[in-house]
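Enquirer: Sequence first, predicted model second:
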Amino acid sequence: MKESYRIELKLTLTDSLEKEVIAFLNSREGGIIYIGIDDNGVPQGIDNSDTMQLQIKERLKNNIHPSCMGLFDIIGEEMNDKDVIKIIVASGPEKPYYLKKQGMSEKGCFIRVGTAAEPMQSRMIENLFASRTRNSIGKIRSNQQKLKFEQLRIYYEESGKTLNSKFATNLGLQTDDGAFNYVAYLMSDINSMSIKVAKYKGKTRVHLVENNEYGYCSIIKATKQVLDKIDLENKTKSRITSKERIDTRVWNAIAIREAVINAMVHNDYTHEVSPKFEIFDDRIEITSAGSLSNMLSQKEFFEGFSIPRNQEMMRIFKDIELVEHLGSGIPRILEAYPQDCFRFTENFLRMTFPNAWDLSEDEEPVGINSIIEEESDKTGGAIGGAIGGAIGGAIGGAIELSKTQNELLELIRNNPKLPYRDIALKIHINESAVLKQINTLKVKGIIKRIGGTRGYWHVNIISQVTEQVEGQDAMQVTMQDTDQVKEQVEAQVEAQVEAQVEAQVEAQAEIDILMTLAISGLSSSGIANSLGHKNLSGNVKKALLRLLEKGYIERSIPEKPNSPTQKYRLTEKGKTLQKQLKK
């Protein structure tokens, strides 16, 4: 590694750090600063990386003007078994940036020249200041000043962070005169910003079949709602072969997530135009207002150079972990889709991603009946040592299960309402192991969840394991055998549905809470909001009580269960289980 126009190497943290950062902020492309690497590019390492990262953040926050919060990332890395710090700096939209104590002068403004940060000449300072963008949403005063931020607080708590009394100033939610700005308005609990996800029948906008409207709430909540809706539409098409199950989603999930967040964060909200999401039979289109900055070429855009349009929003989205780090989104999208999926116009950016298959195709769900019908004209194949029996073509050899998985499958096949704790008792394993085995069966496509917390487990393929005697020929399946198996399966499925009318599987609500609950704790209203409810439903309340009884969660004020400031948090046992569920 060598120093260049975009790379600065530092052996230790020095007093010139702000100068180097300012030079990159004032440059066209931004840059990267490494601390702990000598001038020859050899990692020497640093001590107390975490402490140094905090020092760097405070220095850049307090010593540079205009605010550069949201324009840099600080990342700890390991090179040659040495700890180093990587600072990614974006090109700033409010040039010129300068040292606060020196002001907007030649002593305070710097520009990158070759591998050095050089003082900026007065004429260049004046020209940059004259062309500075003055209509950023951070400078626009909100027409509403009585704003509430309960949703924002909840999302910060979920990320293990706390908003203090000065959060509006720290997050850039105020104008220079102390009033709430348009960023604050978008982050507030109630606003007028509407975001639409439309679905059309066919390949044009003629036949609108679904028009979902999100928004009128914190832009963070709206973003999560859009992500959830598109994830719901991102269906999986499955094909079972004699060797494996092949799953294909409509769109690449990682790329679509990055595209949605990119549209929300980089949208030009100054004209109160929101991003738009449209689903067609052959594609999805994501359109955001505002084209490329005149300081950024298309080539630089595709290479991951970043000039955040809304740096305050970028900073908040990064705080709550919706954004990983600067410039990472577009390269991730390009791993799945080509550059020609992007279309730039004078006022908009549109991303168009083709569907993996035409959504107008009517498809049967992959289940035992479809497999039987597909394979019933084939004879032969072994029954036993496999899933679903040997219904021609050796389907039974397609998926292998352990003894525990077969026992679990047999239990839920006979009683789809069976709670996790009962399964654990019957097959003599703990509940976390049950959860892990259930997830394995779901991944293999053997079972699926129907109806959420009030639903049941549906077995796609019936398990029947029969040991084969060495030297014995595999049993041959005739058409008559196949018909009998099909009749048995249909009878079993019918019996399941009848048994499931009054069934309620309790475990799913518990899993939802465990996956939602932040280690720092959430109130009951915070849990409800995170699960998409206004208030706690009866099922969720019962699930909370069960988790308390099992010792997975605890109250922050146990001696006052009904305290208005009561919060629920994970115990060490709960944290362990949550980690296992995330695997």
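Expert: Perfect, I can see it now. Numbers count the residues shown, from 1 in each chain.
Enquirer: ok, residues contacting stretch 328-337?
Expert: Stretch 328-337 has contacts (Cβ atoms under 8 Å, 6 or more residues apart in numbering) with 252, 254-255, 258-259, 261-262, 301-302, 304, 323, 341, 351, 353. Backbone N, C-alpha and C define where each C-beta goes, glycine included.
Enquirer: And that stretch, what's buried?
Expert: Going by neighbour count (16 or more other Cβ atoms under 10 Å), the buried part of stretch 328-337 is 329-330, 332-334, 336-337.
Enquirer: for stretch 174-190, same thing?
Expert: Buried residues in stretch 174-190, counted by 16+ other Cβ under 10 Å: 174-175, 180-188.
Enquirer: Among the buried residues of stretch 328-337, show me the least confident.
Expert: Among the buried residues of stretch 328-337, residue 329 carries the lowest pLDDT, at 85.
Enquirer: Tell me how far it lies from residue 28.
Expert: Distance, residue 329 to residue 28, by Cβ to Cβ, to the nearest Å: 20 Å.
Enquirer: tell me which element residue 228 is part of?
Expert: Taking DSSP states H and E as the definition, residue 228 sits inside helix 219-233.
Enquirer: could you give the mean pLDDT of that helix?
Expert: 93.
Enquirer: show me where pLDDT drops low in the stretch 101-250 of the chain?
Expert: When residues are selected by pLDDT under 70, those of the stretch 101-250 of the chain lie in 131-135, 242-243.
Enquirer: which residues in the stretch 401-550 of the chain form helices?
Expert: 403-414, 420-427, 431-443, 479-499, 507-516, 524-530, 538-550 (DSSP state H, counting those that start in this stretch).
Enquirer: Nearest to residue 562, out of the ones you listed?
Expert: helix 524-530 (10.4 Å; Cβ to Cβ).
Enquirer: list the helices and strands that closest one packs on?
Expert: helix 150-158, helix 507-516, helix 538-550 (3 or more Cβ pairs under 8 Å, 6 or more residues apart in numbering; DSSP states H and E).
Enquirer: which of these has the lowest average pLDDT?
Expert: helix 507-516 (a mean of 75).
Enquirer: Could you tell me which residues within that one count as buried?
Expert: Neighbour-count burial for helix 507-516 [16+ other Cβ under 10 Å]: 507-514, 516.
Enquirer: how about those residues, which pair is most distant?
Expert: Largest pairwise distance in the buried residues of helix 507-516, by Cβ to Cβ, is 14.8 Å, between 507 and 516.
Enquirer: Please export the C-alpha coordinates of whichever strand or helix holds residue 299 as CSV.
Expert: Per DSSP H and E: residue 299 is located in helix 298-302. Presented in CSV, the C-alpha positions along helix 298-302 are these (Å, rounded to 0.1, in the frame of the first residue of the first chain):
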residue,chain,number,x,y,z
GLN,A,298,-21.2,8.2,-13.4
LYS,A,299,-17.9,6.4,-13.5
GLU,A,300,-17.1,7.6,-9.9
PHE,A,301,-20.6,6.8,-8.8
PHE,A,302,-20.3,3.1,-10.0
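Enquirer: any residues touching it, and which ones?
Expert: Against helix 298-302 from outside (Cβ under 8 Å, 6+ apart): 28-29, 292, 330, 334, 339, 342, 344.
Enquirer: The helix or strand containing residue 314 to helix 219-233, inter-axis angle?
Expert: Assignment of secondary structure by DSSP H and E places residue 314 within helix 311-319. Angle between the axes of helix 311-319 and helix 219-233 is 60 degrees (criterion: axes from the mean of the first three to the mean of the last three Cα atoms, to 10 degrees).
Enquirer: so after helix 311-319, what's the next helix or strand?
Expert: helix 329-334.
Enquirer: Next secondary structure after that next one?
Expert: Downstream of helix 329-334, the first helix or strand assigned by DSSP H and E is strand 342-344.
Enquirer: ok, then the element right after that following strand?
Expert: Counting by DSSP H and E, what follows strand 342-344 is strand 348-354.
Enquirer: That following strand: how far from the chain's middle?
Expert: Chain-centre distance of strand 348-354: 20 Å, with Cα atoms, centre = their mean, to the nearest Å.
Enquirer: Residue 41 contacts residue 4, doesn't it?
Expert: No - Residue 41 lies out of contact with residue 4 (Cβ atoms under 8 Å); the separation is 10.8 Å.
Enquirer: contact partners of stretch 40-51?
Expert: 1-2, 9, 11-13, 35-38, 52, 76, 79-80, 82-85.
Enquirer: Mind doing that once more with 6 Å?
Expert: 1-2, 36-38, 76, 79-80, 82-84 (Cβ atoms under 6 Å, 6 or more residues apart in numbering).
Enquirer: List only those of those flagged as buried.
Expert: Neighbour-count burial (16+ other Cβ under 10 Å) is assigned, among the contacts of stretch 40-51, to 36-37, 79, 83-84.
Enquirer: quick one on the thing from earlier: show me which of the contacts of stretch 328-337 is closest to residue 56.
Expert: Using Cβ to Cβ, the contacts of stretch 328-337 come closest to residue 56 at residue 323, 19.1 Å.
Enquirer: didn't the closest one look like it was pressed against residue 317?
Expert: Yes - using Cβ atoms under 6 Å, residue 323 is in contact with residue 317, at 4.4 Å.
Enquirer: quick one: low-confidence ranges for the stretch 251-400 of the chain?
Expert: 325-326, 361-400.
Enquirer: Let's see that with 50 instead.
Expert: For the stretch 251-400 of the chain, the stretches flagged by pLDDT under 50 are 362-398.
Enquirer: Please apply the same query to the stretch 451-583 of the chain.
Expert: In the stretch 451-583 of the chain, residues with pLDDT under 50: 462-482, 497-505.
Enquirer: can I get the buried residues of stretch 174-190 in CSV with distance to residue 286?
Expert: Below are the buried residues of stretch 174-190 laid out as CSV (distance: Cβ to Cβ, whole Å):
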residue, distance to residue 286
174, 31
175, 31
180, 29
181, 26
182, 22
183, 22
184, 26
185, 23
186, 18
187, 22
188, 25
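Enquirer: wait, which of those residues is closest to residue 268?
Expert: Nearest to residue 268 out of the buried residues of stretch 174-190 is residue 182 (Cβ to Cβ; 11.4 Å).
Enquirer: Make sure the closest one is actually in contact with residue 140.
Expert: Yes - at 4.2 Å, residue 182 and residue 140 qualify as touching, with contact defined as Cβ under 6 Å.
Enquirer: sorry, back to before: can you say which of the contacts of helix 298-302 are buried?
Expert: 28-29, 330, 334, 342.
Enquirer: Quick check: the farthest pair among these?
Expert: 28 and 334, at 21.2 Å, using Cβ to Cβ across the buried ones among the contacts of helix 298-302.
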